[in-house]
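*Asks:* Here is a sequence with its predicted model. Questions after.
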Amino acid sequence: MIQLYIPLNFLGVIYREIRQSLADMERMFLLLKQDREVTDAPDATELNVKGADIRFSHVDFSYEPDRQILFDISFTIPAGTVTALVGHSGSGKSTISRLLYRFYDVTGGAISIDGQDLRRVTQASLRKEIGIVPQDTVLFNDTIEYNIAYGRPGATKAEVVAAAQAAYIHDFVESLPNGYGTIVGERGLKLSGGEKQRVAIARMILKNPAILIFDEATSALDTRAEQVIQAQLKEIAVNRTTLMIAHRLSTIADADQILVLDKGRIIESGTHQKLFDAGGAYYRMWMQQLIRQDKPENAAE
Ligand code: ATP
């Protein structure tokens, strides 16, 4: 029995390894695929950022020819301010952030940063200026130091530690038996949703971009962890142009501008107070969220 058990157990290990490698490969191909969608123009120039004023002008977009996702999207994010995108699932929020990062090119209209059309600048110079804190940060199966330093390849240990301190994750890292040498990721120590987002924030601090895209986690964070992350984001958003994809309306009440999306169109825009007082779609979303929060089974939503 034992003789049979060991090889079976071994097969289990091999199976998990293969599955992990396939998952890694899939992720890599996904990134490659996304990169293949756009190429630098032959005469592309370096993006020259002054304050990082972002402008979407009459943007249309489709992933596939016969299904349009965004319709005539126009808005400006003045340099150094925060704009939040809200809207039901599938309304196009993430698509807007992907277009800003130029994973895809617009099918109509234009996007510019400080007056420079994204299609006229090199992708490398564009992506250097944009830091993304995604909903679910992918950690490499490597040390926590490597995972933070990924924000700026070549960063020294002292710089990594300073970024971790600024992201309020240093004490947690130091409390681990192997400190910054701890292996994390799917094959290493599993971090909570909040810890992963703080690693992403530390990466971002190291990268020091002019533009910040924050895709709020839909769930997984408890209220305290969420408050900590919101406070950190406010600190790092100072002097940067920020696009926030928000799922909880309470986190964006002090954004400079809120855009309400519905089926790929902007149906309302303004400050929280203005939209709330108007009593339209934004107001109704607030009311729905308040009702849901009252139900204990939805407390984490
Ligand atoms: P959520 O709040 O659920 O994250 P969202 O508002 O961010 O939603 P998007 O992810 O931008 O919505 O998706 C908008 C629409 O585009 C959806 O109908 C979705 O099915 C479609 N879509 C998203 N990504 C792709 C893709 N790679 N290929 C084809 N269609 C896509």
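*Replies:* Perfect, thanks for sending it. Numbers count the residues shown, from 1 in each chain.
*Asks:* When you work out contacts or count neighbours from here on, use the C-alpha atoms and nothing else.
*Replies:* Fine.
*Asks:* Tell me how far the nearest residue to Ser62 once chain neighbours are set aside lies from the ligand.
*Replies:* The spatial neighbour of Ser62 that comes closest, neighbours along the chain excluded (C-alpha to C-alpha, 6 or more residues apart in numbering), is Gln68 at 4.4 Å. Using C-alpha to the nearest ligand atom, to the nearest Å, Gln68 is found at 8 Å from the ligand.
*Asks:* Tell me how many other residues surround Gln68.
*Replies:* Residues within reach of Gln68, counting by other C-alpha atoms under 10 Å, total 14.
*Asks:* and the chain, which residues reach the ligand?
*Replies:* Tyr63, Ile69, His88, Ser89, Gly90, Ser91, Gly92, Lys93, Ser94, Thr95 (C-alpha under 6 Å from any ligand atom).
*Asks:* I'd say Ala79 and Ala237 touch.
*Replies:* No: using C-alpha atoms under 8 Å, Ala79 is not in contact with Ala237, being 11.1 Å away.
*Asks:* where do the helices sit along the stretch 201-301 of the chain?
*Replies:* Taking DSSP state H, counting those that start in this stretch as the test, the helices found in the stretch 201-301 of the chain are 223-237, 272-278, 281-294.
*Asks:* Any idea which of those gets closest to Leu249?
*Replies:* Across the helices of the stretch 201-301 of the chain, Leu249 has its closest neighbour in helix 281-294 (6.8 Å, C-alpha to C-alpha).
*Asks:* Give the buried residues for that closest one.
*Replies:* Ala281, Tyr282, Tyr283, Met285, Trp286, Gln289 (16 or more other C-alpha atoms under 10 Å).
*Asks:* which secondary structure elements does it contact?
*Replies:* helix 272-278 (3 or more C-alpha pairs under 8 Å, 6 or more residues apart in numbering; DSSP states H and E).
*Asks:* Need the mean per-residue confidence for stretch 181-196.
*Replies:* If you average the pLDDT over stretch 181-196, you get 86.
*Asks:* Any regions of this protein where pLDDT drops low?
*Replies:* 1-37, 217-223, 225, 294-301 (pLDDT under 70).
*Asks:* Let me see the contact set for the residue sitting nearest the centre point of it.
*Replies:* The centroid of the chain falls nearest to Pro134 when counting by C-alpha atoms, centre = their mean (2.6 Å). Contacts for Pro134 (C-alpha atoms under 8 Å, 6 or more residues apart in numbering) come out as Gln197, Ala200, Ile213, Phe214, Asp215, Glu216, Ala217.
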